[in-house]
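A.B. asks: after the sequence you'll find the predicted model.
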Amino acid sequence: MTLSHFQIEFEKMINRDYFSDEIHPMRKEAFAKFIQNGLPTKKWEDWRFTNLASITTKEFHLSEVKDSPKGTIDLSPYQIEDVDTIVIYNGHYLESLSSTPPGLKLLSGLEYLSSKKGTFENSDNSPFDLLNTAFMDSGIAIIVEPNTNIKKPLRLLFISSGKNHLMVSPRVHIDVEESSSLFFIEQHVSQNSESYFQNESVFISVENNSQLDHIRIQSNSESTTNMANLHVKQQADSQYSFFQFADGCTLGRLNIYAKLKGEGADCALNGIALSTGNQHLDHHIIIDHKVPHCTSSQNFKSILQDQSSGVYSGRTIVRKDAQKTNSTQSNKNLLLSKDALMHSIPQLEIDADDVKCAHGSSTGALDDEALFYLRSRGLDILSAKKLLVHGFVSEMIETIKHEPTKNSIHSQLQNWLIHYS
Amino acid sequence: MLNINNLKASIDGKSILKGINLNIKPGEMHAIMGLNGSGKSTLANIISGRDSYTITKGNVIYKGESLLDKSPELRALEGIFMSFQYPVVIPGVNLTYFLKAALNAHRKHRGEDELDAMHFLKLIREKIKQVDIDEKYLKRAVNEGFSGGEKKRNEILQMITLEPSLSILDETDSGLDIDALKIVANGVNQYRTSENAFLVITHYQRLLNYLKPDYVHVLIDGEIVKSGDMSLALELEEKGYGWLEK
């Protein structure tokens, strides 16, 4: 996808007669900036280890009305008990298959924009944020009004399908107002999809004394590129807990920018990435402690097979005024093949003097001693290896509070292990 | 049950075992005593199948078959068990799950039905009483947060659960206080029958006082320099090893 291909698709979008032109100025501004900067190259510090060939060597097209599903679609493979689900298929919202939990307010992108008096939160942190603003579709805003605890989890199920080299740009805003809570799941799956590019931007605002649990399951097909740009703002005494389980995509990259803006905020970011073949799974995290007395943690684990690769780049920034910050970063990686490659880059930038910050990183193969121990108890070598691999990440999955979601992720891990040999 | 014939082994070109001969029959308990570096643990590791050693001469016959070309798991399934000197922590692997997987691997090998979770739990609750392990440990990861004594008791728990023919206790007494030592010895003694054999490796006669082995061998610099009965252990305790060195 060259810049001129992006230009062609952009013109198509701007000229769609069924699109509101209200957002056009915003789109145009973002697109102009995008064209100016271009796509990242390996010379860009944050993109040194991310090969964007899966985007640059293909031509993607906007998802059109014809790319919405023909007939019924089978959702049973993605069943999670006890959740309400909003289904987005190739960027199209499928209202008839969707439901929302009681008490939750759901707005379209446009409705949200007008409720915000014409200003959306945007970001130009990366070219992909700009690209998302330029091309945003399936805009959804999830609003939890003050003093509301949404009991039933809400899931956004993104399904990619077909052979039309689609490019979709989901745009999600989540506002958890004061003293409220929500359990939110986004799940990304593919049905016979070939060569698909999803560039998602999510803007999250967790207000005073509120709580958001955010689970992200990324299990796209191996010809999919999934770029996620996650922006989190937290106010006083808020809790944000994020957990990603990723085993899909040829290139999957998660960018998280979390800002702790109110005292007493707690931000916990966790992730498990499982890769095989030529997959590349990337994590770029920035947590910005702007005020005192906040806590944050990053805990990411990758398991890599074959010649797959991965990145963990985690940066914790502690501003001058952010005294009494307590933060940890941990990145542990298991290489199951000699050809697998992991880049682990934990970073701290501390400008305050009364803080507790720790970081650690380890990358290695399976522990021979542990393997021998299990074998000496009669487990065959493959079962023993699988048990160790499972044990490497299972405790993280155990921390998921919603039982059916936890079980679903556990069985995805088991399925992944079936193919490990 | 086990015949070791003129076994010589080295690690990284350094000779460790220099011609070991040992014959263990069903129902017997043999103790091997010796100082650090004498080759005791090497012998245990070779029998249980750790592959970091080179066998330069000799063979090991177990139940009439050559043992050395078998995988560690096959040896285990055919009835060899080693209680580790340093039991390994297995993060994220629940003890109950591990024990059940190990037992069912054994049952499958013997052509028996695998135990379901309910029957297994009933069995394991009986077994843990014998080694005085609290039930809460069943929910923990294997050896994670276990004290030294608890780790050793967990080894004995695995032994009495898997019901091996030949049990090798590699310095199971090291780091145990007297109460833990008694519990471990008790667990072992309860498991002794005329069918099972034991090879007990230790520095000290302390554990042997409780186990009362049938034979005691002294290993010095890779060779068995003296064999006898329990009185040899007592003599060593009194006189040390110096009088046996060349």
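C.D. replies: Alright, I've got the coordinates.
A.B. asks: name the SS class of residue A:29, please.
C.D. replies: State at residue A:29, reduced to three classes by DSSP: H, G, I helix; E, B strand; the rest coil: helix.
A.B. asks: that one: neighbour count?
C.D. replies: Counted with other C-beta atoms under 10 Å in any protein chain shown, residues neighbouring residue A:29 total 15. Where you see a C-beta, it was placed from the backbone N, CA and C, and this is true even at glycine.
A.B. asks: and the gap between it and chain B?
C.D. replies: According to C-beta to the nearest C-beta, to the nearest Å, residue A:29 and chain B sit 48 Å apart.
A.B. asks: which residues touch residue B:211?
C.D. replies: B:29, B:31, B:185, B:188-189, B:198, B:200 (C-beta atoms under 8 Å, 6 or more residues apart in numbering or on different chains).
A.B. asks: between these, which sits nearest chain A?
C.D. replies: Nearest to chain A, judged by C-beta to the nearest C-beta, of these is residue B:198 at 16.4 Å.
A.B. asks: how far away is the nearest residue to that closest one once chain neighbours are set aside from residue B:188?
C.D. replies: Distances taken as C-beta to C-beta, 6 or more residues apart in numbering or on different chains put residue B:29 closest to residue B:198, at 4.1 Å, once the chain neighbours are dropped. Distance, residue B:29 to residue B:188, by C-beta to C-beta, to the nearest Å: 9 Å.
A.B. asks: okay, and the common contacts of the two?
C.D. replies: Common contacts of residue B:29 and residue B:188, defined by C-beta under 8 Å, 6+ apart, comprise B:198, B:211.
A.B. asks: quick one, phi psi at the residue lying closest to residue B:165 once chain neighbours are set aside?
C.D. replies: Excluding the flanking residues, the one nearest residue B:165 by C-beta to C-beta, 6+ apart is residue B:79, at 3.5 Å. The phi/psi pair for residue B:79 (degrees, to the nearest 10) reads phi 110, psi 10.
A.B. asks: isn't residue B:79 up against residue B:65?
C.D. replies: No. Distance between residue B:79 and residue B:65: 11.6 Å, which falls outside the contact criterion (C-beta atoms under 8 Å).
A.B. asks: among the two, which residue is more densely surrounded?
C.D. replies: A direct count of neighbours by other C-beta under 10 Å for residue B:79 and residue B:65 places residue B:79 higher, at 22 against 10.
A.B. asks: buried residues in stretch A:315-323?
C.D. replies: Within stretch A:315-323, the residues scored as buried using 16 or more other C-beta atoms under 10 Å in any protein chain shown are A:315-319, A:322.
A.B. asks: ditto for stretch A:252-271
C.D. replies: Buried residues in stretch A:252-271, defined by neighbour count with 16+ other C-beta under 10 Å: A:252-262, A:264-271.
A.B. asks: what's the end-to-end length of that stretch?
C.D. replies: Its first and final residues considered, stretch A:252-271 spans 13 Å by C-alpha to C-alpha, to the nearest Å.
A.B. asks: now do the contacts for residue 180.
C.D. replies: Here I'm looking at chain A. Applying C-beta under 8 Å, 6+ apart to residue A:180 gives the contacts A:144-150, A:207, A:210-211.
A.B. asks: switch to chain B, please.
C.D. replies: By C-beta under 8 Å, 6+ apart, the neighbours of residue B:180 are B:149, B:152-153.
A.B. asks: let's go with 6 Å and repeat that
C.D. replies: residue B:149 (C-beta atoms under 6 Å, 6 or more residues apart in numbering or on different chains).
A.B. asks: any idea how far residue A:319 is from it?
C.D. replies: The gap separating residue B:180 from residue A:319 is 52 Å, by C-beta to C-beta.
A.B. asks: closest residue of chain B to chain A?
C.D. replies: Chain A sits closest to residue B:92 of chain B, with a gap of 3.0 Å, by C-beta to the nearest C-beta.
A.B. asks: what is the neighbour count of that residue?
C.D. replies: Neighbourhood size, residue B:92 [other C-beta under 10 Å]: 19.
A.B. asks: if I look at it, what pLDDT would I see?
C.D. replies: In this model, residue B:92 is scored at 92, pLDDT.
A.B. asks: so what are the sheet partners of the helix or strand hosting it and their directions?
C.D. replies: Taking DSSP states H and E as the criterion, residue B:92 maps to strand B:90-94. Paired neighbours of strand B:90-94 in the sheet (DSSP bridges): strand B:141-142 (antiparallel).
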